[in-house]
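> Below is the sequence, then the predicted model.
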Amino acid sequence: MSFYPELLGLELPALAERFHGPAPDSQEYAYPFYAEVASLIREQGKSGIDFLLGETERASTDQLRAILFALTRQPKMRHPALLNLLRSSLRDERPLIVAEAVDGLWSQGQKSMTYDVLELQHHSSPFVRGSVLRFVSHSAPRCAPLLLIAALKDSDPLVRENAVDELHRLGTTNAIPQLRPLLHDEDADVRQAARTAVEDLQWIVRERADNHKPLRAG
């Protein structure tokens, strides 16, 4: 589903013009607009990819986020310039760029960057800390629960919600006791995420128990 159907069917020159121009809505919605334009540009093949990579130096924050998103979405893209862009973006002063780069790294399966990403786990921005949790959850699922459970006590609700969501996604049933206190979290989104996670994880526990019940003699 496209939020901007007027973009569909446009060729690269027209899409490039839209990317260089202002977003049609308020600044609040600039990133979704540029992300859709950049995604359509990537679909143009090599010429589109080259265009996006050539725009990184002069792109605004919303445009650079859009470029990172478009170039790292599936299918995976093996391009040395992309990996260099992701590496440099981890050191960007803008938290939203760093977070987008971290998400791009796990989407691209770049497990070799795990150490660099883990260095950001205490970043001042909750957007970055949340992206680190998603990276670890996808890239190192066996090791992730320890980090995710610790993040349930993060000072920011966005990070707590991310931790809950990833524990839920991983099916980490032994985290139920640590999740229960968040049923009374001060943030409504965290409470809802915790409620859904606890209910689903408890269901998994019950299913496992039922599957291991001894059969009764006839």
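Alright, I've got the coordinates.

> Closest to the mean position in the chain, which residue would that be?
Centroid-nearest residue in the chain, with CA atoms, centre = their mean: residue 103, separated by 4.4 Å.

> Give me the below-cutoff pLDDT ranges for this protein.
1, 212-218 (pLDDT under 70).

> ok, now with 90
Regions of the chain meeting the criterion pLDDT under 90 cover residues 1-6, 24-29, 73-80, 207-218.

> need the longest helix for it.
Taking DSSP state H as the criterion, the chain has its longest helix at helix 188-211.

> Flag every buried residue along that helix.
190-191, 193-194, 197-198, 201 (16 or more other CB atoms under 10 Å). No exception for glycine: its C-beta is placed from N, CA and C like everyone else's.

> Contacts for it next, please.
With contacts defined as CB atoms under 8 Å, 6 or more residues apart in numbering, helix 188-211 is touched by 157, 160-161, 164-165, 167-168, 171-173, 175-176, 179-180, 182-185.

> For that helix, list the C-alpha coordinates in CSV.
Taking C-alpha atoms only, helix 188-211 is exported to CSV below (Å, rounded to 0.1, in the frame of the first residue of the first chain):
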residue,chain,number,x,y,z
ALA,A,188,0.4,2.9,28.3
ASP,A,189,2.3,1.5,25.3
VAL,A,190,4.7,-0.4,27.6
ARG,A,191,1.8,-1.8,29.6
GLN,A,192,0.0,-2.9,26.4
ALA,A,193,3.2,-4.5,25.0
ALA,A,194,3.8,-6.3,28.3
ARG,A,195,0.2,-7.5,28.5
THR,A,196,0.4,-9.0,25.0
ALA,A,197,3.8,-10.5,25.6
VAL,A,198,2.9,-12.1,29.0
GLU,A,199,-0.4,-13.6,27.6
ASP,A,200,1.4,-15.1,24.5
LEU,A,201,4.4,-16.4,26.4
GLN,A,202,2.1,-18.0,29.0
TRP,A,203,0.2,-19.7,26.2
ILE,A,204,3.5,-21.1,24.9
VAL,A,205,4.3,-22.4,28.4
ARG,A,206,0.9,-24.1,28.6
GLU,A,207,1.3,-25.6,25.2
ARG,A,208,4.7,-27.1,26.1
ALA,A,209,3.3,-28.5,29.3
ASP,A,210,0.3,-30.1,27.5
ASN,A,211,2.7,-31.7,24.9
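
> one step back: go ahead and confirm the residue nearest to the centre of the chain touches residue 135.
Yes: assessed by CB atoms under 8 Å, residue 103 is found in contact with residue 135 at 7.3 Å.

> Report the contact partners of residue 27.
Contacts of residue 27 by CB under 8 Å, 6+ apart: none found.

> Tell me how far it lies from residue 156.
To residue 156, residue 27 is 23 Å away according to CB to CB, to the nearest Å.

> What helix or strand is residue 168 located in?
helix 157-170 (DSSP states H and E).

> tell me which strands and helices the following helix or strand past that helix is in contact with?
Heading C-terminal from helix 157-170, the first helix or strand you meet, by DSSP H and E, is helix 176-179. Helix 176-179 sits against helix 188-211, with contacts defined as 3 or more CB pairs under 8 Å, 6 or more residues apart in numbering; DSSP states H and E.
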